[in-house]
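Peer 1: Build me a structure from this.
(2 chains)
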Protein chains: 2
Amino acid sequence: MSDHVRQTEQFRWEGIEVGPYKTDGSRFAGVTRQVLFEGGDGLACQLRYFEIEPGGWSSLERHRHAHAVMVIRGRGRVLVGDRVFDLAVHDLVRVPSLTWHQFRAGGETPLGFLCVVDCERDVPEGPDTAALAELRRAPDVAEFLKV
Amino acid sequence: MSDHVRQTEQFRWEGIEVGPYKTDGSRFAGVTRQVLFEGGDGLACQLRYFEIEPGGWSSLERHRHAHAVMVIRGRGRVLVGDRVFDLAVHDLVRVPSLTWHQFRAGGETPLGFLCVVDCERDVPEGPDTAALAELRRAPDVAEFLKV
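Peer 2: Numbering: from 1, shown residues only, chains lettered A, B, ... in the order given. The predicted model follows:
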């Protein structure tokens, strides 16, 4: 990438492709992915921008690597572990290692967020039947989850 | 930090200290620093938020580690290598390894930006007389620099 990349229209950047969120068969709805910084060459992390359309949701997953997230567009909710949090612009979300998480946009606006991850990282896993049953023991989590 | 950190007022976050930009004797004006994510524990990078008050400027420096930057507040300019770029909200700036750089806020509003860096990184260096003379050969850079 060039040393300076302009935002060309809202939440779209010069020369940065709006790509699919995942292509691994995970279940999700209405999510796009833009890699803002690839990492490497003096930087051990990538910075990505994810956008979830109104009513959409990211995959329910966990992995050893952590996520550092900042919301920069819209509103929504997130599951981290066994808690569901409301999200607004500039809120921060930390997803610790091996912690179940899922993002959902609100019904009115997209939810857009930055996410920092290590360039070298493990592959996410989805929940098996037992993990899903465990997560659903909390009524607010059961109501929240999309799988 | 907690798994969810709210923005309590504009560009200030619950429990996150607004600290000095540097304490190493570097020359700068009107800059604060907030560490949004410390890194470690599954994340090799830190995410920081820097804010430069109107008319202020960060230190002129370079180092082996790279910076991945996104502006999230106001307007300003940045020197990267031998080029000066205008900056607006959501613009991206990549500072490659060993590249001179300096940020300046515009006269009217603060310039606030996110910056991703490796947790393990080298110490910045300032320019010596020869490096400064070299940088000042370009008239727009000479006009821009604050040291």
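Peer 1: now the end-to-end length of stretch A:39-50.
Peer 2: With Cα to Cα, to the nearest Å as the measure, stretch A:39-50 spans 17 Å from end to end.
Peer 1: Could you do stretch A:27-42 as well?
Peer 2: Note: stretch A:27-42 ends 34 Å apart using Cα to Cα.
Peer 1: now that stretch, how far from the centre of its chain.
Peer 2: Centroid displacement of stretch A:27-42 relative to its chain, using Cα atoms, centre = their mean, to the nearest Å, is 9 Å.
Peer 1: Mind listing what's buried along it?
Peer 2: Under the neighbour-count criterion of 16 or more other Cβ atoms under 10 Å in any protein chain shown, stretch A:27-42 has A:28, A:30, A:31, A:32, A:33, A:34, A:36, A:37, A:39, A:42 buried. All C-beta spots, glycine's among them, are computed from the backbone N, C-alpha and C.
Peer 1: quick one, longest strand in chain A?
Peer 2: Secondary structure of chain A per DSSP state E: the longest strand is strand A:45-57.
Peer 1: ok and the very next helix or strand once past that strand relative to strand B:45-57, angle-wise?
Peer 2: From strand A:45-57 onward toward the C-terminus, using DSSP states H and E, the following helix or strand is strand A:67-73. Taking axes from the mean of the first three to the mean of the last three Cα atoms, to 10 degrees, one finds strand A:67-73 and strand B:45-57 inclined to each other by 50 degrees.
Peer 1: Within its sheet, name the partner strands of strand A:67-73 and how each one runs.
Peer 2: Its sheet considered, strand A:67-73 pairs with strand A:92-95 (antiparallel), strand A:111-118 (antiparallel) by DSSP bridges.
Peer 1: hmm, back to that, could the buried residues of stretch A:27-42 be laid out in TSV, adding pLDDT?
Peer 2: TSV is the format used below for these (pLDDT from 0 to 100):
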residue	pLDDT
A:28	95
A:30	96
A:31	97
A:32	97
A:33	97
A:34	98
A:36	98
A:37	97
A:39	95
A:42	95
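Peer 1: what's the farthest-apart pair in the residues you listed?
Peer 2: Taking Cβ to Cβ as the measure, the buried residues of stretch A:27-42 span a maximum distance of 34.6 Å, between A:30 and A:42.
Peer 1: rewinding a little: now tabulate the strands paired with strand A:67-73 in a markdown table and tack on mean neighbour count and mean pLDDT.
Peer 2: Output for the strands paired with strand A:67-73, formatted as a markdown table (neighbours: other Cβ atoms under 10 Å in any protein chain shown; pLDDT from 0 to 100):
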| stretch | mean neighbour count | mean pLDDT |
| --- | --- | --- |
| strand A:92-95 | 24 | 98 |
| strand A:111-118 | 23 | 98 |
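Peer 1: would you turn those strands into a markdown table with distance to residue B:123?
Peer 2: Output for those, formatted as a markdown table (distance: least, Cβ to Cβ, whole Å):
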| stretch | distance to residue B:123 |
| --- | --- |
| strand A:92-95 | 27 |
| strand A:111-118 | 22 |
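Peer 1: lowest average confidence, helix or strand, in chain A?
Peer 2: The helix or strand of chain A with the lowest confidence, counting by mean pLDDT, DSSP states H and E, is strand A:19-20 at a mean of 94.
Peer 1: Need the contact partners of that one.
Peer 2: For strand A:19-20, the external contacting residues (Cβ atoms under 8 Å, 6 or more residues apart in numbering or on different chains) are A:32, A:33, A:34, A:35.
Peer 1: try 6 Å this time
Peer 2: With contact meaning Cβ atoms under 6 Å, 6 or more residues apart in numbering or on different chains, strand A:19-20 is reached by residue A:33.
Peer 1: per-residue confidence for residue A:1?
Peer 2: Here, the pLDDT recorded for residue A:1 equals 68.
Peer 1: Now, the buried residues of stretch A:27-42 that are in strands?
Peer 2: A:30, A:31, A:32, A:33, A:34, A:36, A:37.
Peer 1: how close does the third one sit to chain B?
Peer 2: For residue A:32, the distance to chain B under the criterion Cβ to the nearest Cβ, to the nearest Å works out to 16 Å.
Peer 1: Tell me which residues touch that residue, please.
Peer 2: Residues in contact with residue A:32 (Cβ under 6 Å, 6+ apart) are A:18, A:51.
Peer 1: Dig out what it forms beta bridges with.
Peer 2: Here residue A:32 shows beta-bridge partners residue A:20, residue A:51, assigned using DSSP bridges.
Peer 1: May I have stretch A:92-108 as PDB, with CA atoms only?
Peer 2: Extracted C-alpha coordinates of stretch A:92-108, given in PDB (Å, rounded to 0.1, in the frame of the first residue of the first chain):
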ATOM      1  CA  LEU A  92     -13.600  -0.900  22.800                       C
ATOM      2  CA  VAL A  93     -13.900  -4.700  23.000                       C
ATOM      3  CA  ARG A  94     -11.200  -7.100  24.100                       C
ATOM      4  CA  VAL A  95     -11.700 -10.700  23.100                       C
ATOM      5  CA  PRO A  96      -9.300 -12.800  25.200                       C
ATOM      6  CA  SER A  97      -7.800 -16.000  24.100                       C
ATOM      7  CA  LEU A  98     -10.200 -19.000  23.800                       C
ATOM      8  CA  THR A  99     -13.300 -16.900  24.500                       C
ATOM      9  CA  TRP A 100     -16.500 -17.400  22.500                       C
ATOM     10  CA  HIS A 101     -17.600 -14.200  20.700                       C
ATOM     11  CA  GLN A 102     -20.100 -13.000  18.200                       C
ATOM     12  CA  PHE A 103     -21.000  -9.500  16.900                       C
ATOM     13  CA  ARG A 104     -24.500  -8.400  15.800                       C
ATOM     14  CA  ALA A 105     -25.500  -5.200  14.100                       C
ATOM     15  CA  GLY A 106     -28.600  -3.400  15.300                       C
ATOM     16  CA  GLY A 107     -31.700  -3.300  13.000                       C
ATOM     17  CA  GLU A 108     -31.200   0.200  11.700                       C
END
